[in-house]
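Engineer: got a predicted structure plus its sequence, pasted below:
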Amino acid sequence: METKSPALKSYINDVPDFPKKGIIFKDMTSLLESPEGVELCLEALLSPLKNKQIDKVVAIEARGFFFGMLLARALKVPFIPVRKPGKLPRKVLRQSYDLEYGSDVLEIHEDAIKSGDKIVIHDDVLATGGTAQAVCEMVKSLGGQIVQCNFIMQLDFLEGAKKLAPHTIFSAVNY
């Protein structure tokens, strides 16, 4: 898959053997430290959303919040956080999902999405797709219509996009 914003790759560093030996971690800290890099990334994430009706941006804790909030502001729509259990104060919808070794749970406010709302789901990385798939299920169960799943980067070799079919996926950078 082609890189939509090749200049973004210069802001993402490879860190060998993190968090464990044999893994090459894609570190986007340099991107977050650069106003130019942030602007470039935001433009890339917004580009496929032009001329689409978006009612809300749903972003996944924690690194999805960085650009999720910026996307919502740029689109002039509400920002909806998806969090780990016990962090949201109102009535929540819970969704469990599988990890490589075990499972986890995410929550969203039940009243955050209304039937028919057009939703962009955003997170920093699409890896195996389990987290984003869980959020897609929550959005759909609340009556939301998923317009697109947005990611800063996608690790193609982990095939997470397969779990998100048939939803439209956009990643600013692919590896």
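Structural biologist: Now that the structure is in, tell me what you want to look at.

Engineer: report the central residue of this protein.
Structural biologist: Closest to where the C-alpha atoms of the chain average out (CA atoms, centre = their mean) is Asp123, at 1.6 Å.

Engineer: was I right to think that residue contacts Val57?
Structural biologist: No - using CB atoms under 8 Å, Asp123 is not in contact with Val57, being 11.2 Å away. Backbone N, C-alpha and C define where each C-beta goes, glycine included.

Engineer: find residues that contact each of those two.
Structural biologist: The contact sets of Asp123 and Val57 overlap at Gly68 (CB atoms under 8 Å, 6 or more residues apart in numbering).

Engineer: now Val147. Nearest residue, chain neighbours left out?
Structural biologist: Spatial nearest neighbour of Val147, chain neighbours left out: Lys118 (5.0 Å); criterion: CB to CB, 6 or more residues apart in numbering.

Engineer: just list whatever residues bridge to that neighbour.
Structural biologist: Gln145 (DSSP bridges).

Engineer: do you know the pLDDT at it?
Structural biologist: You'll see Lys118 listed with a pLDDT of 98.

Engineer: what do you get for Ser103?
Structural biologist: For Ser103, the predicted pLDDT is 89.

Engineer: from Phe25, how far off is it?
Structural biologist: 23 Å (CB to CB, to the nearest Å).

Engineer: tell me where this structure has helices.
Structural biologist: 29-32, 35-46, 64-75, 130-141, 161-164 (DSSP state H).

Engineer: give me the angle between the fourth one and helix 64-75.
Structural biologist: With axes from the mean of the first three to the mean of the last three CA atoms, to 10 degrees defining the directions, helix 130-141 sits at 50 degrees from helix 64-75.
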